[in-house]
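>>> how would this look folded up:
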Amino acid sequence: MARPDVALPAAALAMGLGLCAWLTDGVATASAPPVTPAPLLAEPWASAEPMGPPEPEAVPERPEPAEAEPVAAELAPELQVIEGEVSERSTLFSSLAAQGVPAALAQRIGEEMKPVFDFRRARAGHRYRLLLRSDGSLHAFHYRTSPVERYLLRAEAEDVWVADRVEVPLERRQARLAGVVTTSLYDAVAQLGESPQLASDLAEIFAWDVDFTHAVQLGDEFRLLYERLYVLDELTGEEFYVGPGRVLAARYQGGIGELSAVYYETEAGRGGYFRPDGSSVRRQFLAAPVSYTRISSSYSPARLHPILGVSRPHHGVDYAAPSGTAVWSVGDGKVIYKGWAGGFGRLVKVRHTNGYVSYYAHLSRFAKDLRVGQIVQQRQVIGYVGQSGLATGPHVCFRVARGGRYVNPAALRAPAGEPIPPTLRADFERVRNQLLTTLSPPRLVVTDEAL
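Below you'll find the predicted structure:
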């Protein structure tokens, strides 16, 4: 399949970062010069082979929904086409009235569409197309609130109209994105003209190994192979880039070392991320229970208590964060305590497998409807940062015990998830090699050409 000609993000091209080009198989990406690190640009890429699980379903190049009407040029001559857009100072009904649509017909359209879309939610920028027969009766009415949200009202028989939400077909194209962190991972991705959602996706993939809120260092490098999602606007014939889809392969390299992962489906429609050796990136516990600003106190056998003024062990890690910041469970488990616990203030305890219990202290409040005996999932919110109990400022004191004895959360290496099954090992290696080769082509040639 040929590589699609998709323009590099304009925002990245306009930054004036003084990037130099890397040529990868004849297609230019961008990299930072050796002295001043700067992000790389996204590079569209179409693979000649499927990148999914064994025997992936074929994706049509640009499928049309069954309910879609032909574009205006293909309509039978007896159909009248009325197209328009809701403006800042109008409603759908006033817009239709301005184009000569009878009030009774506009009212009927609103009533018939209400089960799928209430036009009281109509906003400026929404587009519509009305198809009328020669006698003025309705043939079809299209309404689009965004490139991916569309509705259709069609006349199936005399005085029988059917309203539906239209499933918008997405075209998936592969692209590479690579860069160097100069401020933060999120800024690096945004500066390339891509959605910061990609940075969140990357952080999610490696969340069991790295706390990307604080472990990221200037000069760290990242590289992503991901899907870019496009839709075709049937009203205008324009193609829209909706945003990034699934990350297919990722690599992060810096002060934390090098991390790599690929997406692989062990069952149709059910996949996850695995390291190149076939082990799961998922672990029993996340690196941290909160998005924090700093670690105000670490695990220590002897610490001077800031309030009591005595030296005693501190069997946890204090994560300082603004009051009200969400606190989540670091792993799947069962809530075994929720309430006030003396100096801990508001405390939640979660029991996990393998004899582990996690503690979350000094909360300002608990998650709504949280109860003892409840099963919680990894990253499920269980409370919010506060300074209840003996605390000098808003933070969560996070502790982990195993077999009744505290362990250092920062040094904990929790068990990994299920690896690739032996029966799928050969296919996984084939997909892995393909994805990693596409992610990082083996031959890079430095040129002096400026972008």
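>>> L435 is in contact with V262, correct?
Yes. Between V262 and L435 there is a contact at 4.7 Å, judged by Cβ atoms under 8 Å. C-betas here are computed from N, CA, C, even on glycine.
>>> spit out the residues that contact those two alike.
When contacts are counted by Cβ atoms under 8 Å, 6 or more residues apart in numbering, V262 and L435 have 248-249 as shared neighbours.
>>> the two: which has the busier surroundings?
Here V262 and L435 are compared on neighbour count by other Cβ atoms under 10 Å; more neighbours surround V262, at 27 against 23.
>>> ok, now which ones touch the more buried one?
Shown here is V262, whose contacts under the criterion Cβ under 8 Å, 6+ apart are 248-250, 273-274, 276, 431-432, 435-436.
>>> ok, and the most crowded of the residues you listed?
Highest count within those by other Cβ under 10 Å belongs to A249, 28 neighbours.
>>> any idea what A178 is bridged to?
The bridge-partner assignment for A178, based on DSSP bridges, gives R223.
>>> number the chain from 171, please
Will do, 171 is the new start, and the previous item becomes A348.
>>> I figured Q548 hits S499, correct?
Yes. Using Cβ under 8 Å, Q548 is in contact with S499, at 6.4 Å.
>>> between those two, which is the more surrounded one?
For the pair Q548 and S499, the greater number of neighbours falls to S499 (24 against 18), based on other Cβ under 10 Å.
>>> wait, that one touches L540, no?
No. Shown here, S499 and L540 do not form a contact pair, counting by Cβ under 8 Å, at 10.1 Å.
>>> now for these two: what residues contact both?
Counting by Cβ under 8 Å, 6+ apart, the shared contacts of S499 and L540 are 546, 552.
>>> biggest helix in the protein by residues?
helix 595-609 (DSSP state H).
>>> buried set for it?
Buried residues in helix 595-609, defined by neighbour count with 16 or more other Cβ atoms under 10 Å: 598, 601-602, 604-606, 608-609.
>>> quickly find the element holding the most far-flung residue of the chain relative to its centre.
Among the C-alpha atoms of the chain, the one most distant from their mean position (Cα atoms, centre = their mean) is that of D305, at 48.7 Å. Remark: D305 resides in no helix or strand, with elements defined by DSSP states H and E.
>>> can you check the pLDDT for it?
Note for D305: predicted pLDDT of 87.
>>> what residues are up against it?
Per Cβ under 8 Å, 6+ apart, neighbours of D305: none.
>>> repeat the analysis, applying 10 Å as the threshold.
Applying Cβ atoms under 10 Å, 6 or more residues apart in numbering to D305 gives the contacts E248.
>>> need the phi and psi values for it.
The phi and psi values for D305, taken as degrees, to the nearest 10, are phi -90, psi 10.
>>> in terms of helices and strands, where is the closest residue to S307 other than its chain neighbours?
Closest residue to S307 apart from its sequence neighbours, by Cβ to Cβ, 6 or more residues apart in numbering: A325 at 7.0 Å. Assessed by DSSP H and E, A325 sits inside strand 319-327.
>>> sheet partners, orientation included, of that strand?
Partner strands and pairing direction for strand 319-327 (DSSP bridges) are strand 308-316 (antiparallel), strand 330-336 (antiparallel).
>>> P459: which of these is closest?
Comparison of these against P459 by Cβ to Cβ identifies strand 308-316 as nearest, at 35.2 Å.
>>> could you pull out the helices in this protein for me?
180-183, 262-268, 273-283, 355-361, 367-375, 595-609.
>>> redo the ones you listed as CSV? Include mean pLDDT and distance to A458.
Written out in CSV, the entries for the helices of the chain read as follows (pLDDT from 0 to 100; distance: least, Cβ to Cβ, whole Å):
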stretch, mean pLDDT, distance to A458
helix 180-183, 33, 31
helix 262-268, 91, 48
helix 273-283, 92, 47
helix 355-361, 89, 15
helix 367-375, 89, 11
helix 595-609, 95, 27
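>>> quick one: closest of the ones you listed to V487.
Evaluated over the helices of the chain, closeness to V487 peaks at helix 367-375, with 19.2 Å, by Cβ to Cβ.
>>> quick one: low-confidence ranges for the chain?
171-247, 404-406, 469-482, 612-621 (pLDDT under 70).
>>> switch to 80 and redo it
Counting by pLDDT under 80, the chain contains low-confidence residues at 171-248, 317, 327-328, 380-385, 403-408, 439, 463-464, 466-484, 580-587, 611-621.
>>> give me the beta-bridge partners of the residue nearest to Y530 when sequence neighbours are not counted?
Sequence neighbours aside, V518 is the residue nearest to Y530 in space, at 4.6 Å (criterion: Cβ to Cβ, 6+ apart). Counting by DSSP bridges, V518 is bridged to K508, Y530.
>>> spit out the contact partners of the residue lying closest to F382 once chain neighbours are set aside.
Residue nearest to F382 in three dimensions, not counting chain neighbours: A373, with 4.0 Å by Cβ to Cβ, 6+ apart. Residues counted as contacts of A373 (Cβ under 10 Å, 6+ apart) are 355-356, 380-383, 386, 422.
>>> ok, how many other residues are close to the closest residue to V555 other than its chain neighbours?
Take V555 and drop its neighbours on the chain: the residue closest to it by Cβ to Cβ, 6+ apart is T495, 4.3 Å away. Per other Cβ under 10 Å, the neighbour tally for T495 reads 19.
>>> what does S430 give?
The local packing of S430 (other Cβ under 10 Å) involves 23 other residues.
>>> surely it touches A420?
Yes. Because the distance of 7.0 Å satisfies Cβ atoms under 10 Å, S430 is recorded as touching A420.
>>> can you check which residues contact both of those two?
Counting by Cβ under 10 Å, 6+ apart, the common neighbours of S430 and A420 are 375-376, 393, 443, 451, 605, 609.
>>> quick one: residues contacting the closest residue to S528 other than its chain neighbours.
Nearest residue to S528, sequence neighbours excluded (Cβ to Cβ, 6+ apart): V520, at 4.9 Å. V520 makes contacts with 459, 499-508, 526-530, 544-546, 550, 552, as judged by Cβ under 10 Å, 6+ apart.
>>> hmm, 8 Å instead?
Taking Cβ under 8 Å, 6+ apart as the definition of contact, the neighbours of V520 are 499, 501, 503-506, 527-528, 530, 546, 552.
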